[in-house]
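**Q** below is the sequence, then the predicted model.
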Number of protein chains: 2
Amino acid sequence: MKSLHYSVDDALERLFEVTGVLTDAMSHVLDASTLTPARAEIIWRIGRQGPMTQRQLSAALRCTPRNVTGLVDALEGMGLVTREPHPTDRRATLVTLTDQGGETARDWGAGYRQLARHLFGDLDAGALASAIAALEHILERLRDPAADRIRTDNVVGREPSGP
Amino acid sequence: MKSLHYSVDDALERLFEVTGVLTDAMSHVLDASTLTPARAEIIWRIGRQGPMTQRQLSAALRCTPRNVTGLVDALEGMGLVTREPHPTDRRATLVTLTDQGGETARDWGAGYRQLARHLFGDLDAGALASAIAALEHILERLRDPAADRIRTDNVVGREPSGP
DNA sequence: TATTGTTATACTCTATAACTATA
DNA sequence: TATAGTTATAGAGTATAACAATA
């Protein structure tokens, strides 16, 4: 171990490093498939929660309805989803996985669990609980409204420095 | 506490949640500035490591040289960086922060440290070390070559299921 | 011959605004 | 009047390929 005294900056640096490596890992997976991240998230969400309207997808992905139209167009063209009529609201469409889309979602689920075992499987119950406690602490602090103030207080560039 | 027995899936779910919230937080910061994520990363890296060639930026950002050209064009147009001749290699350009670009980088540094205190400042030395240990364990496992195999083993979509 | 950066072209994700069909 | 989804248009990030200048 390099040091017994860590600073909070050390912790944040590790945290950013983890998010970076994990993000890279995910895009690596996607490079091997024919899916882009946004399209993959739609398959993943429908796989877990069942058919959804585009409006629900728009909210889940925090993007515009227009954007969802394009993503679903592409997935439909790839044969991974279909647009089904909504049973009660004729304005809405239910985005539904095809057999191939369902297979994709299931395989990702298996990969997810395998990754979980790889990352955390060698920890004993105490170490696992401690890791989860650390992650939950970070989540709680990130969701603290005060975090918003910190983030936006330190932004330059809204106005050029000059007059 | 909800449960005393966590699964590895619980841990991975928290980890993805943390990366998602942190990513959202960062794009929130950027929405308040006039910078996009890719452009911001260039400012951030040059602010920490000093002037760099576009080739170095291309490697650091893991994107193509062509992409760097466009990003530096935009930052130059915003007055945040300049292209300076390389002292010894006349093919290369050194991307350098302007005064305004330097100010942006410094303010981000301050925000970084403030966020670090917000996230981890209330932990005692033991809890901080434990959080860092958890993050380092995750990093180590993510970098294990075996992680790659897991990720790419579970990909569907490379070939359509049919013949 | 290899490397640095550029021009040319194309695809994806994203957004705003205006529109149609339905509630 | 409000909502679900689409068309139209535009900006940003990314990639490959071909090319110029330099090493």
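**A** Here it is on my side, so go on. Numbering: from 1, shown residues only, chains lettered A, B, ... in the order given.

**Q** show me the shaky parts of chain A.
**A** A:1-4, A:148-163 (pLDDT under 70).

**Q** now do the helices in it.
**A** Counting by DSSP state H, chain A has helices at residues A:8-32, A:37-49, A:54-61, A:65-77, A:99-120, A:125-143, A:145-153.

**Q** and the third one, anywhere near DNA strand C?
**A** When you say that, I think you mean helix A:54-61. Yes - taking CB under 7 Å from any atom of the strand as the criterion, helix A:54-61 and DNA strand C are in contact, through residue A:61. The C-beta positions use only the backbone N, C-alpha and C, and glycine is treated the same way.

**Q** what's that helix packed up against?
**A** If contacts are counted by 3 or more CB pairs under 8 Å, 6 or more residues apart in numbering or on different chains; DSSP states H and E, helix A:54-61 sits against helix A:37-49, helix A:65-77, strand A:93-97.

**Q** give the buried residues for it.
**A** A:54, A:56, A:57, A:58 (16 or more other CB atoms under 10 Å in any protein chain shown).

**Q** okay, it in PDB with CA atoms only?
**A** Below are the C-alpha coordinates for helix A:54-61, written out as PDB (Å, rounded to 0.1, in the frame of the first residue of the first chain):
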ATOM      1  CA  GLN A  54     -41.900   6.100 -26.800                       C
ATOM      2  CA  ARG A  55     -42.900   8.800 -24.300                       C
ATOM      3  CA  GLN A  56     -41.700   6.500 -21.500                       C
ATOM      4  CA  LEU A  57     -38.500   5.900 -23.300                       C
ATOM      5  CA  SER A  58     -38.000   9.600 -23.800                       C
ATOM      6  CA  ALA A  59     -38.400  10.100 -20.000                       C
ATOM      7  CA  ALA A  60     -36.200   7.100 -19.100                       C
ATOM      8  CA  LEU A  61     -33.400   8.200 -21.500                       C
END
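
**Q** what's the angle between that helix and helix A:37-49?
**A** 110 degrees (axes from the mean of the first three to the mean of the last three CA atoms, to 10 degrees).

**Q** what of the longest one?
**A** Comparing the axes of helix A:8-32 and helix A:37-49 via the same axes, to 10 degrees yields an angle of 90 degrees.

**Q** what about helix A:8-32, distance to the chain center?
**A** 13 Å (CA atoms, centre = their mean, to the nearest Å).

**Q** out of the helices of chain A, flag the one nearest residue B:119.
**A** The closest of the helices of chain A to residue B:119 is helix A:125-143. By CB to CB, the value is 4.7 Å.

**Q** who are the packing partners of that closest one?
**A** Against helix A:125-143 (3+ CB pairs under 8 Å, 6+ apart) you get helix B:8-32, helix B:99-120, helix B:125-143.

**Q** now do it: distance to the chain's middle.
**A** Worked out by CA atoms, centre = their mean, helix A:125-143 lies 18 Å from the chain centre.

**Q** next: stretch A:26-41.
**A** Using CA atoms, centre = their mean, the offset of stretch A:26-41 from its chain centre is 12 Å.

**Q** for stretch A:27-42, same thing?
**A** 12 Å.

**Q** quantify the burial of the closest residue to residue A:86 other than its chain neighbours by counting its neighbouring residues.
**A** Spatial nearest neighbour of residue A:86, excluding adjacent residues (CB to CB, 6 or more residues apart in numbering or on different chains): residue A:92 at 3.9 Å. Neighbour count for residue A:92, taken as other CB atoms under 10 Å in any protein chain shown: 17.

**Q** ok, residue A:113 next?
**A** Count around residue A:113 with other CB under 10 Å applied: 15.

**Q** any idea how many residues pack against the residue nearest to it when sequence neighbours are not counted?
**A** Excluding its sequence neighbours, the residue lying closest to residue A:113 (CB to CB, 6+ apart) is residue B:9, at 6.1 Å. Using other CB under 10 Å, residue B:9 has 14 neighbouring residues.

**Q** contacting residues around residue B:9?
**A** A:112, A:113, A:116 (CB atoms under 8 Å, 6 or more residues apart in numbering or on different chains).

**Q** can you redo the residues you listed as CSV with distance to residue B:138?
**A** Converted to CSV, the contacts of residue B:9 look like this (distance: CB to CB, whole Å):
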residue, distance to residue B:138
A:112, 15
A:113, 16
A:116, 11
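
**Q** of the residues you listed, which is the nearest to DNA strand D?
**A** residue A:112 (24.7 Å; CB to the nearest atom of the strand).

**Q** now do that closest one against residue A:45, distance only.
**A** The gap separating residue A:112 from residue A:45 is 13 Å, by CB to CB, to the nearest Å.

**Q** my guess is residue A:12 meets residue B:121, correct?
**A** No - under the criterion of CB atoms under 8 Å, residue A:12 makes no contact with residue B:121, lying 10.6 Å away.
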